[in-house]
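Visitor: here is a sequence together with a model predicted from it:
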Amino acid sequence: MRLLTQAQKDSFWHDGVLVVDNAVSTSQLAALRAESQNWVDESRNHSCDYGETLDGRARFDLQPGHSATTPALRRVQSPEEVSPIYEDVMRNARTVDYCVELLGPNIRFHHGKVNSKLPGSATAVKWHQDFPFQPMTNDDMITCLLFVDDVTLENGPLEVIPGSHKGPLYPHWHNGVFTGAIDDNIIKPQREKIVKCTGGAGAVCLMHVNLLHGSAPNLSDTPRTLYITTYYAEDAIELSQNHLPSRFTHQLVRGAETGSVRCSQYAMQLPAVPKGTSFFAQQEGADI
C-alpha cells in the first residue's frame, strides 16, 4: 500500500521538502519522548560533553551555559546505538517507507542524531546543505527530521528555501576552514523565499540533502526536539569519512543488495572530519 500520494511525491521533488503527519505510532512517539526526557534529566549531572561514540568523540553535546538547573542538552550522536526505541524507529517508522516511495525499493541508513532546542536555547543553525558533509556517488539521499515535540513558529523550526536542491552545491569552506555553513550573501537575496516547516509531534519533514536550510533559536517556553535520520539509495557509495559513524552505518533497512553503483555528475570540495563533539561546535568555529 502506498503511503504518499502522487501530489506529495511531486511536491517533494519540486520543492525538495515535504512534511508528512503520523510518521510514527502513538506508542513509538511516547517512548521517544520519554527517552529524550531521560537524557535531559541525566545531563543535569554533567558539566561538560560526555559519553563516547564509535569514533571516540562525546555522544552527548551540551550547549555553553548548560547547568543542572537549566539543562541545555542540544545533541545526542547516534542515539539508535544506545536506545532500543530509537533503533526501532530508525528501522521501522513510516519514515523509511516514505523514503522508499521517493528513492526506490533499496534503502540504506547513513546516520542519526537527536537535535534539541530546550526553552530559551540560544542554539541557531546557520544556512547549509547536508550533501557537502556526506558526499556519495549519487545524491538520492533524504534527511528525515522527525518531530519528537510540536514544532511551532516560535520554538526554532527548520527554515528552508524551496527548490534550492536543484541549484548549485555551495562551498562550506571559508579561509581554509570547513565551517559547515555557506556565505550569508547567498541567502540575503533569497530571504523572501524562506519557508518555516512546522507540525505536530509525530510528523516528519523529509528534506533532500541538497536543500538550503537553517534554523533560528528557540524563543519559546516549549522544547523542540528532532530525531534526524538520513537514508540513501543502496547503489550510492560514500566518498568521504562518515562524520557520524555508528555500528548501523550503511545497513540495508529496506529492499535488497544489488552489487551495483550509480554515479551522478557534480563537483565539490571534500568536507573536514569534525574533531569536536558536534556540528554546532563546527559552525561556531570551535574544535575544527
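Guide: Nice, I can see it.
Visitor: what segments of the stretch 101-250 of the chain are strands?
Guide: Per DSSP state E, counting those that start in this stretch, the stretch 101-250 of the chain carries strands over the ranges 107-117, 125-128, 141-147, 158-160, 173-174, 177-178, 195-197, 204-208, 213-215, 224-233.
Visitor: what's the angle from the last one to strand 204-208?
Guide: In this case it means strand 224-233. Following axes from the mean of the first three to the mean of the last three Cα atoms, to 10 degrees, one obtains 50 degrees for the angle between strand 224-233 and strand 204-208.
Visitor: ditto for the first one
Guide: With the same axes, to 10 degrees as the basis, strand 107-117 and strand 204-208 are set at 120 degrees to each other.
Visitor: let me see the mean pLDDT of strand 107-117.
Guide: What strand 107-117 shows for mean pLDDT is 97.
Visitor: so residue 221 makes contact with residue 121?
Guide: No: contact between residue 221 and residue 121 fails when scored by Cβ atoms under 8 Å: they sit 11.2 Å apart. In this view, the C-beta of every residue, glycine as well, is placed from N, C-alpha and C.
Visitor: of these two, which one has the most company?
Guide: Applying other Cβ atoms under 10 Å to residue 221 and residue 121 shows that residue 121 carries more neighbours, namely 22 against 9.
Visitor: tell me who's in contact with that one.
Guide: Neighbouring residues of residue 121 by Cβ atoms under 8 Å, 6 or more residues apart in numbering: 63, 72, 74, 156, 217, 218.
Visitor: ok so residue 86 is a helix residue?
Guide: Yes: counting by DSSP: H, G, I helix; E, B strand; the rest coil, residue 86 is located in a helix.
Visitor: identify the residues contacting stretch 43-52?
Guide: Contact with stretch 43-52 is made by 58-62, 66-69, 71-73, 77, 82, 277, as judged by Cβ under 8 Å, 6+ apart.
Visitor: that's all I had, so thanks and see you.
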